[in-house]
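> Here's a sequence, model it:
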Amino acid sequence: MNHLTGNQRTVKRLMFLTLFMSLIWMTLAQAANNDEDDEFDHSLTGFMLTGQHSVLSCDSCHIRGIFRGIPKTCEGCHEQVSQIAASIKPITHVQTSASCDDCHTDSSWTLVRMDHSELTGSCYSCHNGVRATGKPLNHIQSSNECDDCHLSIAWVPARFDHSDITLSCITCHNGTTATGKNPAHILSGNACDDCHSTNAWTPARFDHSNITVSCITCHNGTTATGKTPSHIPSGEACDDCHSTSAWSPANFDHDNITSGCNTCHNGVIATGKGQGHFVTSLQCDTCHSTNFWEPALEFDHQSANYPGDHTGSNPDCNDCHTSNSQTISWRFATYAPECAACHADDYDQGEHDNAPISGLIDCASSSCHEDIPRHNVNQSTWD
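As a prediction, the model looks like this:
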């Protein structure tokens with residue numbers, strides 16, 4: 001019994017007819033294709049069948065038996081919107097405005113010559129380590145685009161741009177990833193860019209603020225400028241007198257000077273005695289202080305050779321030091337340094353039964369003239 005309805009029978013007939021017509025069309029297309037292979041010169045169409053195109057069947061491009069108006073460019077068949085069932089450009093394809101044949105050949109999709117000139121996406125859109133080689137794990141951390149440093153020809157050599165580096169210098173300049181501090185480098189807690197620029201290591205602007213060792217570690221005449229041969233002998237550290245801005249002017253501290261004043265105060269290294277200075281072998285600090293030359297300290301005659309009793313006469317320095325020298329020109333040098341050296345003929349003969357020159361030459365030891373404390377030359381009276 002036939003249980004099909006009228007509509008069902010109609011659909012069944014249409015399906016059978018469609019299948020029958022498809023078989024006829026495929027047979028005719030195959031025959032046409034065979035005839036074309038044997039007789040038709042495809043180069044006459046302006047599209048040479050080479051590479052993979054030469055082994056395709058006609059209906060791969062001539063869909064539904066349509067021979068006219070078939071695209072002759074790669075994009076016409078291999079784009080997403082193409083009507084032709086050819087290999088379609090995937091949605092993950094590199095973003096570019098280049099034509100397919102700028103990079104691919106018709107022999108194979110995978111044999112690619114890469115042309116970066118027409119790319120419209122960022123480097124990282126491909127060079128992400130999945131689609132194409134990306135930054136390795138040990139790459140310098142930076143927000144730069146690949147092409148800020150690298151060329152499209154090769155990764156190396158690279159031109160380096162420090163402007164977008166996001167880590168400290170030492171992260172790379174550690175002697176492994178990039179050049180770091182050499183063994184002779186000044187010991188310092190500074191970051192590289194405290195002294196160096198990203199253009200070159202030298203010249204460097206020097207920042208002493210984080211130096212962790214003494215001045216002499218570097219300022220030894222080898223690593224950096226040190227004391228010159230004519231430098232004042234001193235046990236002081238450089239920064240006791242000098243600043244980190246410049247060697248001079250210097251703040252001088254005499255506390256640790258290890259030589260006599262005249263070692264420096266000789267008129268060459270430092271201010272020395274003026275032309276009219278009192279002639280003496282005494283060191284400068286016997287009379288002067290390390291703060292200033294004048295006023296000079298009060299001089300106290302501590303020598304045992306200083307004459308004793310001069311209270312009444314109250315002499316000035318030049319009464320005895322007639323030649324502006326510490327060496328006195330005695331009137332009677334034979335009696336020096338006794339009183340008679342000056343006073344052998346300076347006494348009241350009526351009151352002196354025994355003249356100094358003939359007997360007692362040390363007036364201070366007599367019962368008339370008493371020995372008193374030494375004279376301070378900067379005071380107006382005898383002590």
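> Show me the shaky parts of this protein.
By pLDDT under 70, the low-scoring segments of the chain are 1-9, 11-14, 16-39, 83, 85-86, 301-315, 353-360, 364-383.
> where along it do the strands fall?
Counting by DSSP state E, the chain has no strands to list.
> Which parts of it are helices?
Listed in chain order, the helices of the chain (DSSP state H) span 6-39, 74-78, 100-103, 146-149, 215-218, 317-320, 340-343.
> What residues sit buried inside the fifth one?
For helix 215-218, the buried set under the neighbour-count rule, 16 or more other CB atoms under 10 Å, comprises Cys215, Cys218. The C-beta positions use only the backbone N, C-alpha and C, and glycine is treated the same way.
> Show me what that helix is in contact with.
Contact with helix 215-218 is made by Ile186, Leu187, Ile211, Thr223, Ala224, Gly226, Ala237, Cys238, Asp239, His242, as judged by CB atoms under 8 Å, 6 or more residues apart in numbering.
> and those residues, which two are the farthest apart?
Within those, Leu187 and His242 form the most distant pair, 19.2 Å apart (CB to CB).
> center of the chain - which residue?
His196 (2.0 Å; CA atoms, centre = their mean).
> Distance check, that one against Thr177.
16 Å (CB to CB, to the nearest Å).
> Leu187 and His242: which has the busier surroundings?
Set side by side, Leu187 and His242 show more neighbours around His242, with 18 against 11, by other CB atoms under 10 Å.
> if I look at the more buried one, how far off is Ile257?
His242 is 15 Å from Ile257, where distance means CB to CB.
> same question, Gln349
Relative to Ile257, and taking CB to CB, Gln349 is found at 55 Å.
> What of Val130?
According to CB to CB, Val130 and Ile257 sit 73 Å apart.
> Over to Thr217?
Going from Thr217 to Ile257 by CB to CB gives 23 Å.
> try Ile328
In terms of CB to CB, Ile328 sits 31 Å off from Ile257.
> Please apply the same query to Glu298.
Going from Glu298 to Ile257 by CB to CB gives 23 Å.
> And these two? Which one has more around it.
More crowded of Glu298 and Ile257, by other CB under 10 Å: Ile257, with 18 against 10.
> Give me the nearest residue to Val112, chain neighbours excluded.
Cys103 (5.1 Å; CB to CB, 6 or more residues apart in numbering).
> can you pull the contacts of that neighbour?
Neighbour list for Cys103: Thr96, Val112, Arg113, Met114, Asp115 [criterion: CB under 8 Å, 6+ apart].
> out of the residues you listed, who's nearest Trp155?
Met114 (13.3 Å).
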